[in-house]
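> All I have is the shape, not the residue letters:
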């Protein structure tokens, strides 16, 4: 059964602690993405990766870090430098990009809700 | 740069009535357009997409959308909604930046 898994579904952390969110896909997709969702603001791109061992900053990368050591995995670390980390985090993946560099359909995981106390 | 505007943040509608959720975009290049649906505390699910060809696109759950290049719009429609359609709907555009840009979302609430 192919898809994207994110764990855990709910995560609580104390202020000042780093935390890593897991994202795994078995769709054999090349590209993977991390988004942050806040109420009334839609989705904002944090980081994305087109191939293994390469990734680019999105619109709101400050206070976050990622790695892409395997095609199937794209973990996101929320560091203590992120001023307001409480949010819903969504991971997505997509197959090869379309002609012209555009991205094809992105498929989303179920999300992780992070609450910093 | 590209951007997406969803003109209505909330749309209440009675069951079995028609609905239209509006989406306008701006981009300096050719675009691909998507509509996603999100149920509470879940990820996004693709409803439909426009890549090329016919400007009227049919998706899942009886939804359809029409791409209008001159008006830079991609409005989502359904002729008769059900209670189960209550969810948040996101319009998104993909241009040359290898990224999706999302609108801020429209909460559709279907009333009995």
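Great, that's in hand. Note that this is a predicted model, so its numbers are computed, not measured.
> Can you pull up the residues of chain A that come close to chain B?
By C-beta under 8 Å from any C-beta of the partner chain, the part of chain A that sits against chain B consists of A:4, A:6, A:31, A:33, A:40-45, A:48, A:50, A:58, A:88, A:90, A:92, A:97-98, A:100-111, A:113. Every C-beta, even on glycine, is put in place using the N, C-alpha and C of the backbone.
> Which among those residues count as buried?
Restricting the residues of chain A next to chain B to buried positions leaves A:4, A:6, A:31, A:33, A:42-45, A:48, A:50, A:58, A:88, A:90, A:92, A:98, A:102-111, with burial counted as 16 or more other C-beta atoms under 10 Å in any protein chain shown.
> Could you list which of these belong to strands?
A:4, A:6, A:31, A:33, A:43-45, A:48, A:50, A:88, A:90, A:92, A:107-108 (DSSP state E).
> Is the closest residue to residue B:51 other than its chain neighbours bridged to anything, and to what?
Computed as C-beta to C-beta, 6 or more residues apart in numbering or on different chains, the closest residue to residue B:51 that is not its neighbour in sequence is residue B:32, at 5.1 Å. Residue B:32 has these beta-bridge partners by DSSP bridges: residue B:94.
> count of neighbours near residue B:32?
By the measure other C-beta atoms under 10 Å in any protein chain shown, the count of residues near residue B:32 is 21.
> Spell out the secondary structure type for residue B:61.
helix (DSSP: H, G, I helix; E, B strand; the rest coil).
> among the ones in strands among the buried ones among the residues of chain A next to chain B, which two are most distant?
A:50 and A:88 (24.3 Å; C-beta to C-beta).
> residues in contact with the most centrally placed residue in chain A?
Centrality entry for chain A: nearest residue to the mean C-alpha point is residue A:34, 2.3 Å, by C-alpha atoms, centre = their mean. Each residue near residue A:34 by C-beta atoms under 8 Å, 6 or more residues apart in numbering or on different chains is listed here: A:23, A:45-48, A:58, A:64, A:66, A:74, A:76, A:89-92.
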